[in-house]
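[1] With the input below, show me the fold.
(one chain, ligands or ions: 1)
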Amino acid sequence: MRRRVAPLLGAILLLWAIASLPVGAEPLSDGVYAVEYELLQGDSDSVSIANDYFEKPALLKVDGDKQVLQLTLNHSKWVQELEVHSGDGFADAKVVAEDEEADTRVVELDVDGKLDEPFPVKMHVVIDELEIPYDHAYTVRVAVDADSLKETNQEWIDSVSTGSTIWFWIATAIVIVATIFVAMRLFGSKK
Ligand code: HEM
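    Model prediction:
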């Protein structure tokens, strides 16, 4: 009896082990997606007051291993600083668009491999127009709902730094051409 039960038990255990193996998550194909997210309090999973000041959904751009999130703030002037993890500390989140009239700004965060767990952002909120001025620094956490990813036609904003890099190269080219021109004039006049 034991001899018959043991292989059966072994087979059941093997099947159970295979079934409980984690199914490899499909890697995301390159593209721009709309994704839902919430801002949670720094020390609990309750939704933070700051959540209302961030438009939903966010945009997520996937390019190979690189994942970048663009978030839109709707009371831009009040959130004077917004910082994200960088190296061992925090650094200003990159601003990719600003609309002073609408009081919005779009910030960009590198989130490679960070989407599974809420990740911290620091903010400094200053509101002068209140009767009692409001000036507080907070740490909240961004919780991205990876299951909510949807393809979208919403336009990804190319970062400002790309623009300034182009201007840097244009300026460098002008300086090189001007130097060659001056050098040619100098050597030409010596002959
Ligand atoms: C009229 C504007 C605002 C008023 C009257 C206000 C008022 C308050 C009050 C009374 C608290 C303490 C509540 C508590 O600890 O439960 C609080 C906490 C907080 N506020 Fe503000 N606030 C304002 C705007 C903002 C803005 C614009 C942001 C950020 C975008 C912000 C972010 C936070 C955060 C992160 C906390 C800590 C508690 C949490 O995460 O929920 N607040 N605020």
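[2] For the rest of this, base every contact and every neighbour count on C-alpha atoms.
    OK.
[3] What count of nearby residues applies to the closest residue to the ligand within the chain?
    Proximity of the chain to the ligand (Cα to the nearest ligand atom) peaks at residue 48, 3.4 Å away. Per other Cα atoms under 10 Å, the neighbour tally for residue 48 reads 17.
[4] Going by contacts, tell me the helices and strands next to the lengthiest strand in the chain.
    Using DSSP state E, we find that the single longest strand of the chain is strand 134-144. On a contact count with 3 or more Cα pairs under 8 Å, 6 or more residues apart in numbering; DSSP states H and E, strand 134-144 meets strand 37-41, strand 119-127.
[5] what about the residue of the chain closest to the ligand, distance to residue 156?
    26 Å (Cα to Cα, to the nearest Å).
[6] Ok, residue 170 next?
    From residue 170 to residue 156 the distance is 24 Å (Cα to Cα).
[7] next one: residue 128
    To residue 156, residue 128 is 33 Å away according to Cα to Cα.
[8] ok, those two, which is more surrounded?
    Between residue 128 and residue 156, counting by other Cα under 10 Å, residue 156 is the more crowded of the two (16 against 11).
[9] List the contacts of residue 106.
    By Cα atoms under 8 Å, 6 or more residues apart in numbering, the residues touching residue 106 are 70-73, 95-98.
[10] picking that back up, now tell me what touches the longest strand of the chain from outside.
    35-43, 48, 50, 115-128.
[11] Filter these down to the buried ones, ChimeraX style.
    To isolate the buried members of the contacts of strand 134-144 in ChimeraX, using 16 or more other Cα atoms under 10 Å:
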select :35,36,37,38,39,40,41,42,48,50,118,119,120,121,122,123,125,126
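[12] picking up where we left off before, got a markdown table for the helices and strands packed on strand 134-144, with mean pLDDT and distance to the ligand too?
    Below are the helices and strands packed on strand 134-144 laid out as a markdown table (pLDDT from 0 to 100; distance: least, Cα to the nearest ligand atom, whole Å):
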| stretch | mean pLDDT | distance to the ligand |
| --- | --- | --- |
| strand 37-41 | 98 | 4 |
| strand 119-127 | 97 | 6 |
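[13] contacting residues for residue 63?
    Applying Cα under 8 Å, 6+ apart, the residues contacting residue 63 are 29-31.
[14] Across the sheet, point out what pairs with it.
    Beta-bridge partners of residue 63, counted by DSSP bridges, are residue 66.
[15] if we can go back for a sec, now the helices and strands packed on strand 134-144 in CSV, with distance to residue 185?
    Shown next, in CSV, are those (distance: least, Cα to Cα, whole Å):
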stretch, distance to residue 185
strand 37-41, 61
strand 119-127, 55
